[in-house]
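**Student:** could you work out the structure for the sequence below:
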Amino acid sequence: MNRYFVPFAQLRQQPTIVVDSVGNGAALTLAHWRGATTPALLRNDTSAGSALRALHQPATAGLEAAAVTANHFDIDGFIGVWSLLNSELALHHEELLRLVAVLGDFREINWSHPLADHALQLVCWLNAEEKARFYEPFGAPLRRRREDEASAEKFEWFLPRFAAVLENPAADRPLWLPEFERVKQAAAVVQGPRSKHRNHPAIGLTVVSTPQPVPYYALFGATAGFDIVLALYEGNRYELEYKYTTWVDLASRPTLPRLPLAPLVARLNELETSPQTWAADGITDTGPLLRLSGPRKLSKAQRYADPDGRPIYPSSIPPEIFEQEVLAFFRQGYAHIKPKKYWTWAEIKAAGQ
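**Tutor:** Numbers count the residues shown, from 1 in each chain. Just a heads-up that it's a prediction; the model follows:
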C-alpha cells in the first residue's frame, strides 16, 4: 500500500492514521500517550512499536487509510510514521527500529545488544540533522511557531532520506560521530568503576552516582525497568527526574504513579543553606526535574537537553543525606500504592493527594 505523510492540520481532510499523537477524527491511533485509543492488540511501550505491530496485523480497522500524520516530531513518532510508509523495509529492520524508538523516547539501551551501536548511530544522526537544519526539540515556541505546523517540515525532509542512513550509516559518519563518541565515552564512565548504581525496585528508583554530568543516553541507558533516576555528581551536585516512562502508557510492565514533588522540595529547602533553592516541575510535565534553581528558570528545551549542557549547582546537603531524604519521601509516598498498568491522569493526581 502506498501511504503518504500529511501535516497534522490536514487530519480530517481524508482518512488518516495518527502516530504518537491523538486527534479527533483519526481512522486509527497508534500512540502510547496516556488514554490514547490505540487498539489493545497493538499497544506497545513506544508508538513506533505500535506501528510495527500494526504492520503484522493488516486487517486492523483503520489501517487501510493511506494518509499518516503526527502532531510533533520526535524519534519515536518519526520511526512510527516512517515504518507505515516503508512497511517492507521496516519489517526487515524491525528489531533495530524498536531499539531506536526506545532510545529516542526513554533514553534506554542495552549496551550489550548487538544492534546497540547501530541504534545509537541512527539516533545521533537524527539529532544532528534536526538541530543543524531545523530547531531543537521543544524549540518551536521560542520561534513563535506551533509544533504541529513546524514539525511537518522535519517529516518532509527526513522521510525520504532515512532509509539510506538506516542501511548504510557509515555514509553519514561525520554527522553522527561526534555525539556517538561523546555518549559512548560517557557510558563507559557511568558503567565503569568510578560510578555506582543503587537500585530500589519497590519504588521504581535507581541512583546513579557518577563523577560528572553526562548525556541522557549514558545516564539513562542502563535504567530500563526504573522510572525515577537520582543522579549524584561530584561536588554535591544532584538532579532527580521522573522518566518519560511514567508519562505514557507502558504496555510491558506495571508502574507506580508520579507523586507531586512539592513536599520533597520543601524538605530539601529546609536543609539547604546555599544561595540556591530547590524547585521541581509538575507531574504532568513529560520529564519532571527536581534541581537547585539558578537565576533563570530553565526552558523546556534546556530541560530536555542533556545534563552536561546545563548548569548544575552545588548543594550544601551531603550526598548521603540527600539520597536518604529522597528515598524516605518515595518510600512513604508509595507505602500503600500498588503498581499497575494504564493509570489515568485522574488516578495519578488522586494517588498524590
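**Student:** nearest spatial neighbour of Asn86, skipping sequence neighbours?
**Tutor:** Leaving aside its sequence neighbours, Asn86 sits nearest to Ala163 (Cβ to Cβ, 6 or more residues apart in numbering; 6.3 Å). Placement of C-beta: from N, CA and C, glycine included.
**Student:** how about the protein, which residue sits the furthest from its center?
**Tutor:** Thr273 (33.2 Å; Cα atoms, centre = their mean).
**Student:** can I assume it sits in a helix?
**Tutor:** No: judged by DSSP: H, G, I helix; E, B strand; the rest coil, Thr273 forms no part of a helix; its state is coil.
**Student:** that one touches Ser316, doesn't it?
**Tutor:** Yes: using Cβ atoms under 8 Å, Thr273 is in contact with Ser316, at 4.3 Å.
**Student:** could you list the low-pLDDT ranges of the stretch 201-350 of the chain?
**Tutor:** Along the stretch 201-350 of the chain, no part satisfies pLDDT under 70.
**Student:** helices of that one, residue ranges please.
**Tutor:** Secondary structure of the stretch 201-350 of the chain (DSSP state H, counting those that start in this stretch): helices located at 216-219, 262-271, 300-304, 319-333, 345-351.
**Student:** for the ones you listed, which one sits closest to Thr210?
**Tutor:** Nearest to Thr210 among the helices of the stretch 201-350 of the chain is helix 216-219; the distance by Cβ to Cβ comes to 7.6 Å.
**Student:** which other residues reach that closest one?
**Tutor:** With contacts defined as Cβ atoms under 8 Å, 6 or more residues apart in numbering, helix 216-219 is touched by 103, 107, 109, 120, 123, 183, 186-187, 189-190, 208, 210, 229, 231, 306-307.
**Student:** for stretch 92-101, same thing?
**Tutor:** With Cβ under 8 Å, 6+ apart, stretch 92-101 has contacts from 46-49, 52, 75-76, 79-80, 83, 90, 109, 113, 115-116, 118-119, 122-123, 166.
**Student:** just the buried subset of those residues, please.
**Tutor:** Buried residues within those, counting neighbours by 16 or more other Cβ atoms under 10 Å: 46-49, 52, 75-76, 79-80, 83, 90, 109, 115-116, 118-119, 122-123, 166.
**Student:** about what we covered before: could you turn the buried ones of the contacts of helix 216-219 into a ChimeraX selection?
**Tutor:** To isolate the buried ones among the contacts of helix 216-219 in ChimeraX, judged by 16+ other Cβ under 10 Å, type:
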select :103,107,109,120,123,183,186,187,190,208,210,229,231,306,307
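**Student:** can you tell me which of the contacts of helix 216-219 are in strands?
**Tutor:** Counting by DSSP state E, the contacts of helix 216-219 place 208, 229, 231 in strands.
**Student:** got TSV for those residues, with distance to Pro263 too?
**Tutor:** Supplementary listing: these in TSV, determined by distance: Cβ to Cβ, whole Å:
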residue	distance to Pro263
Val208	23
Val229	19
Ala231	21
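**Student:** nearest to Gln10 among those residues?
**Tutor:** Using Cβ to Cβ, the ones in strands among the contacts of helix 216-219 come closest to Gln10 at Val229, 38.6 Å.
**Student:** distance of that closest one relative to Ala31?
**Tutor:** To Ala31, Val229 is 24 Å away according to Cβ to Cβ, to the nearest Å.
**Student:** what about Phe296, how many residues nearby?
**Tutor:** I think there's a mix-up here, since residue 296 is Arg and not Phe. 8 (other Cβ atoms under 10 Å).
**Student:** likewise for Pro193?
**Tutor:** 6.
**Student:** now it: how far from Ala218?
**Tutor:** 15 Å.
**Student:** so how far is stretch 296-303 from its chain's centroid?
**Tutor:** Centroid separation for stretch 296-303 versus its chain: 16 Å, with Cα atoms, centre = their mean, to the nearest Å.
**Student:** wait, Thr37 touches Leu30, no?
**Tutor:** No: the pair Thr37 / Leu30 is not scored as a contact, 9.8 Å apart, by Cβ under 8 Å.
**Student:** winner for burial among the helices of the stretch 201-350 of the chain?
**Tutor:** Mean neighbour count (mean count of other Cβ atoms under 10 Å) peaks for helix 216-219 among the helices of the stretch 201-350 of the chain, with a mean of 25.
**Student:** just the C-alpha atoms of that helix, please, in CSV.
**Tutor:** What follows is helix 216-219, C-alpha atoms only, in CSV (Å, rounded to 0.1, in the frame of the first residue of the first chain):
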residue,chain,number,x,y,z
TYR,A,216,21.0,11.3,28.9
TYR,A,217,21.7,8.2,26.7
ALA,A,218,24.6,7.4,29.0
LEU,A,219,22.8,8.3,32.3
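**Student:** list the contacts of Ser112.
**Tutor:** So Ser112 contacts nothing (Cβ under 8 Å, 6+ apart).
**Student:** how about the strands of the stretch 101-250 of the chain, start to end?
**Tutor:** 196-200, 205-209, 228-233, 237-242 (DSSP state E, counting those that start in this stretch).
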